[in-house]
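**Q** The following comprises the amino acid sequence and a computationally predicted model.
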Amino acid sequence: MKGANVKGANVKGANVKGVVELLIPARPEYLQLVRTVVGETAAVDSGLDAERIADLRLAVSEAVTNAIEAQAISGVDDRVLVRCNLAAEQMEIEVTDRGEGFDLDGVRVLPDVESPERLEYESGLGLSLMRRLADEATIETSADGTAVRLVVRFAGTDQET
Amino acid sequence: MHLEFHRIPRDPWSVLVLCGDLDMAGAPELRREVAQMVAAGDSRLVLDLTAVDFIDSTGLGAVIGSLRRTRSHDGDLVLVCPEPRLQRVFEMCDLDRVFELHESVDAAMGASA
């Protein structure tokens, strides 16, 4: 797809099997490409089943959606970096944007789903979904941007966090 | 376009069939489509998600917005969502408590007759 860079590389180091980097314009039209690349990368030698790969695609889609929104709100015309580190025991995905960041403690709590007011809210589920879908989800945010790190462990290496 | 729409009249309902990905790219398209239908008097909608390959929280938000829009015009919106992979996303967001996820268009219309 025009405008997106995909780089694949073999990286020497402990347990690292490979890295795939995707640098995309911060536009919604590129989400599908990100999901495809992440899904196909996860399918390589990971042993992840289809449901877990779907979880990973969804978590990454949420992270990249937030990144695109953050840059749009901040008026930043820069690309979003998606970096997949495939290791022997896990896959780690980092999504980095150059938006102005946000207050992690200030993320709103949605009304109960059965409350009539809940229908007033069409957003606000992305962060909780990411945390639920990934084995680890860490977010570092500052005025210079936000980095989301998602980790999915492979079969036989699952650990509670 | 990642999301395609097909409208099928099933009096007194209108069925809106979605094909593709319902994400940040598709959500505005769904909102626009539903707004047009409601403005044209079709406020009883069956949203058929059978051919939706992917949905995320932005897509779910557009479905919530579509429900709100139909209800604000004395209508309603019911969902056809037989695919377990999509049902799971609704469940993870507790939205299976807001929407009944029907197996077919006939089941959706029958449950809301």
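**A** That came through fine. Numbering: from 1, shown residues only, chains lettered A, B, ... in the order given.

**Q** hey, let's count contacts and neighbours off CA atoms from now on
**A** Fine.

**Q** in stretch A:107-121, what counts as buried?
**A** A:110, A:119 (16 or more other CA atoms under 10 Å in any protein chain shown).

**Q** Let's see the pLDDT reported for residue B:113.
**A** In the predicted model, residue B:113 carries a pLDDT score of 63.

**Q** From what I see, residue B:16 and residue B:51 are in contact.
**A** No - contact between residue B:16 and residue B:51 fails when scored by CA atoms under 8 Å: they sit 11.3 Å apart.

**Q** Residue A:5 pairs with what?
**A** Residue A:5 has these beta-bridge partners by DSSP bridges: residue A:23.

**Q** Which residue ranges of the chain form helices?
**A** Here I'm looking at chain A. A:31-42, A:50-74, A:126-133 (DSSP state H).

**Q** ah, no, chain B please
**A** Using DSSP H, helices in chain B cover B:27-39, B:57-71, B:84-92, B:105-111.

**Q** just the ones you listed: most buried one?
**A** helix B:57-71 (a mean of 22; mean count of other CA atoms under 10 Å in any protein chain shown).

**Q** Which pLDDT value goes with the residue lying closest to residue B:90 once chain neighbours are set aside?
**A** Excluding its sequence neighbours, the residue lying closest to residue B:90 (CA to CA, 6 or more residues apart in numbering or on different chains) is residue B:96, at 5.4 Å. You'll see residue B:96 listed with a pLDDT of 90.

**Q** list the contacts for the closest residue in space to residue A:77 that isn't next to it in sequence?
**A** Spatial nearest neighbour of residue A:77, excluding adjacent residues (CA to CA, 6+ apart): residue A:71 at 7.0 Å. Contacts for residue A:71 (CA atoms under 8 Å, 6 or more residues apart in numbering or on different chains) come out as A:26, A:77, A:78, A:97, A:98, A:99, A:100.

**Q** ok, which pair from the residues you listed is furthest apart?
**A** Distances among those were taken as CA to CA; the most separated pair is A:26 and A:100, at 14.2 Å.

**Q** So the two - more neighbours on which side?
**A** Taking neighbours as other CA atoms under 10 Å in any protein chain shown, residue A:26 and residue A:100 compare with residue A:26 leading, 24 against 18.

**Q** surely the more buried one meets residue A:76?
**A** No - with contact defined as CA under 8 Å, residue A:26 and residue A:76 do not form a contacting pair (9.1 Å).

**Q** Let's check: the centremost residue of chain B is which one?
**A** Nearest to the geometric centre of chain B sits residue B:47, at 3.1 Å (CA atoms, centre = their mean).

**Q** pretty sure that residue is touching residue B:78, no?
**A** Yes - checked against CA under 8 Å, the pair residue B:47 and residue B:78 is within contact range at 6.2 Å.

**Q** on that earlier part again, from the helices of chain A, which stretch is densest packed?
**A** helix A:50-74 (a mean of 22).

**Q** Done for today, thanks.
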